[in-house]
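Engineer: Quick one, fold the following:
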Amino acid sequence: MNSRDVARMYGNAFGFNTDRRMKPIHLATGFFVALLGRQSEQQLLNKTVAYSAGKSLEGDYALPQLHALLLQEDKISPAIDLALLQILRKQLRCLANNDEAVYPLYTAHGGFGCDYTTASADILTRTKDNDGYSGFFIFSVFDQSPTGKAILETARTWLTQNDSTWHLAMTPLLENNTIDEDNEAKYENKGFGELDNRRVKRVAKKMAPQTDAVMTLCRSADILMAPETKLRVLIVGLSLWLFRYLVIEGFEKPDSVGIALVDMLGDSSSKMRSQSRWSFARIREGLIDAFARFHALGRFDDCEDVWKHIQTQMGGRPKFEEFYRELTVRSGLAQPRSGRIAAKHFELQPETLRVVIMSVLGVEEGMIPITELLERVFRVWGLCFGGRPADGRLLTQLGYTGLDQDQDLTPNFEALTSLLSDLGLATRYSDGLVMCHAKDAF
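Structural biologist: Take a look at the predicted model:
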């Protein structure tokens, strides 16, 4: 059983590899490289920012050699000594490594890949397929519809504007060294085979509401946000889209088992927390079980040996759990962030909550009641906060036990409302009416 056979099985399941830990920045790199059809080899940037304090550095990554190299390339003034260069190096690393994915590429041991916190097309490097080609998959789906194409054009415009603070700070280190990337050919060569056009069109049709939501997010971001922030919220939006795609593709009835119960109370001993943990685990296990359903549908007919290996050697559990955990936790859908073993639950980080709201409520739309907002959030993203009139009955039908409307669901809804108000996304009126809006989100 080789890696191409494994890739074929995972590709037949969801369209990309889920056998790895994937950060949103990995997804962003894969998506943006597919979008532009190129990457950029930036050796000076990598040698400057890809280091770890206290670890032995070799070659041009060692400070004296780096200092000599930058002087030779006329990138720094002779007045900058080793001490000043180290201070500058620390500051630039903080910018480049905000997503904790920067590693040295140009050494004998460089093997982890490197994904810089995205700021522009000039700072886009792809040496490893750490996203399992999920970024290319999303790009391919978006390319099938007018709305998706509009998202791609918006993202291309943002990515090729070089006026962000991040880009300006890195400009002295940047080299004009681009490499063309044929993502479709690489996808096939990895063993996935040709990405079937009928399949992509089917996914595009099924995911139309989520694609529309990402477009709404882009329109609002274009009005409200600075260049760096636009790209950041788009990455979160892509992560939400991917999570919802897994649920819609993986479950026969995504609007039941695939509902994510979100705990906003912040009380680890509450019933909301325990039921949200169950929701997190329930979706995870359901998606793992989806592989068996895909097998029954004949998706693995051309990679039967891989499926048999999973059954006999892996207890019937394909590699998926780390992918699911990293996607949900690092995109701000789930917590706690630390600890692989700790039980996770759905709880939105403030930035992620902003993205969710701005994806279903355009800045030009004005204000809508919070009940209408929650209907949209539920319909598009499958997130339940207990604030809709039907939530109590629905959750009981779905097997969520022990949740009382007055003691659990209403306080959870109130906690959400308070956070929305603090974030400038909701206004409380004296008669108890809560209206939501996106205009003050940033």
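
Engineer: Could I get the average pLDDT for stretch 107-120?
Structural biologist: For stretch 107-120, the mean per-residue pLDDT is 82.

Engineer: For residue 69, see how far away residue 162 is.
Structural biologist: 24 Å (Cβ to Cβ, to the nearest Å). No exception for glycine: its C-beta is placed from N, CA and C like everyone else's.

Engineer: go on, residue 426?
Structural biologist: Noted for residue 426: a distance of 53 Å to residue 69, by Cβ to Cβ.

Engineer: between the two, which one's more packed in?
Structural biologist: A count of neighbours by other Cβ atoms under 10 Å puts residue 426 above the other of residue 426 and residue 69, at 21 against 17.

Engineer: contacting residues for the more buried one?
Structural biologist: Residues in contact with residue 426 (Cβ atoms under 8 Å, 6 or more residues apart in numbering) are 370, 417, 420, 434, 435, 436, 437.

Engineer: Could you say which helix or strand holds the nearest residue to residue 30 once chain neighbours are set aside?
Structural biologist: Excluding the flanking residues, the one nearest residue 30 by Cβ to Cβ, 6 or more residues apart in numbering is residue 135, at 2.5 Å. Assigned by DSSP states H and E, residue 135 belongs to helix 134-142.

Engineer: gap between that helix and the chain center?
Structural biologist: 13 Å (Cα atoms, centre = their mean, to the nearest Å).

Engineer: Pull up the gap between residue 20 and residue 28, please.
Structural biologist: Taking Cβ to Cβ, one finds residue 20 at 16 Å from residue 28.

Engineer: quick one, which of those two is more surrounded?
Structural biologist: More neighbours surround residue 28 than the other of residue 20 and residue 28, with 28 against 18 (other Cβ under 10 Å).

Engineer: Setting aside sequence neighbours, what's the nearest residue to that one?
Structural biologist: Nearest residue to residue 28 in three dimensions, chain neighbours excluded: residue 235, at 4.5 Å (Cβ to Cβ, 6+ apart).

Engineer: does that neighbour really touch residue 27, like I thought?
Structural biologist: Yes - if you go by Cβ atoms under 8 Å, residue 235 and residue 27 touch, sitting 7.0 Å apart.

Engineer: So which of those two has more stuff around it?
Structural biologist: A direct count of neighbours by other Cβ under 10 Å for residue 235 and residue 27 places residue 27 higher, at 27 against 24.

Engineer: Just say helix, strand or coil for that one.
Structural biologist: Secondary structure assignment for residue 27 (DSSP: H, G, I helix; E, B strand; the rest coil): helix.

Engineer: pLDDT score assigned to it?
Structural biologist: With respect to pLDDT, residue 27 scores 96.

Engineer: Could you list the low-confidence segments of the stretch 201-350 of the chain?
Structural biologist: 339-341 (pLDDT under 70).

Engineer: how about the strands in it?
Structural biologist: Secondary structure of the stretch 201-350 of the chain by DSSP state E, counting those that start in this stretch: the strands cover 260-261, 334-335, 345-346.

Engineer: Show me what whatever helix or strand comes next after the last one is packed up against.
Structural biologist: Once strand 345-346 ends, the next helix or strand along the chain (criterion: DSSP H and E) is helix 350-360. Contacts defined by 3 or more Cβ pairs under 8 Å, 6 or more residues apart in numbering; DSSP states H and E place helix 350-360 against helix 208-224, helix 227-250, helix 370-381, helix 410-422.

Engineer: how far off helix 350-360 does the third one point, in degrees?
Structural biologist: If I follow you right, that is helix 370-381. 90 degrees (axes from the mean of the first three to the mean of the last three Cα atoms, to 10 degrees).

Engineer: Just checking the distance from helix 370-381 to the centre of its chain.
Structural biologist: 21 Å.

Engineer: pLDDT averaged over that helix - what is it?
Structural biologist: For helix 370-381, the per-residue pLDDT averages 97.

Engineer: contact partners of that helix?
Structural biologist: Helix 370-381 is contacted by residues 209-210, 213, 240, 244, 259-260, 356-357, 359-361, 383-385, 387-389, 417, 420, 426, 434-436 when judged by Cβ under 8 Å, 6+ apart.

Engineer: 6 Å instead, please
Structural biologist: With Cβ atoms under 6 Å, 6 or more residues apart in numbering as the test, helix 370-381 has contacts from 209, 213, 244, 360, 383, 384, 387, 388, 434, 436.

Engineer: Among those residues, name the buried ones.
Structural biologist: For the contacts of helix 370-381, a burial check counting by 16 or more other Cβ atoms under 10 Å picks out 213, 244, 360, 383, 384, 387, 388, 434, 436.

Engineer: Widest-spaced pair of those?
Structural biologist: 244 and 434 (25.4 Å; Cβ to Cβ).

Engineer: Can you give me the separation between the residue nearest to residue 357 when sequence neighbours are not counted and residue 259?
Structural biologist: Nearest non-adjacent residue to residue 357, counting by Cβ to Cβ, 6+ apart: residue 425, 5.3 Å away. Going from residue 425 to residue 259 by Cβ to Cβ gives 22 Å.

Engineer: same deal with residue 385?
Structural biologist: 11 Å.

Engineer: before we move on, back to that, buried deepest among the strands of the stretch 201-350 of the chain, which one?
Structural biologist: Sort the strands of the stretch 201-350 of the chain by mean neighbour count, taking mean count of other Cβ atoms under 10 Å, and strand 260-261 sits at the top with a mean of 25.
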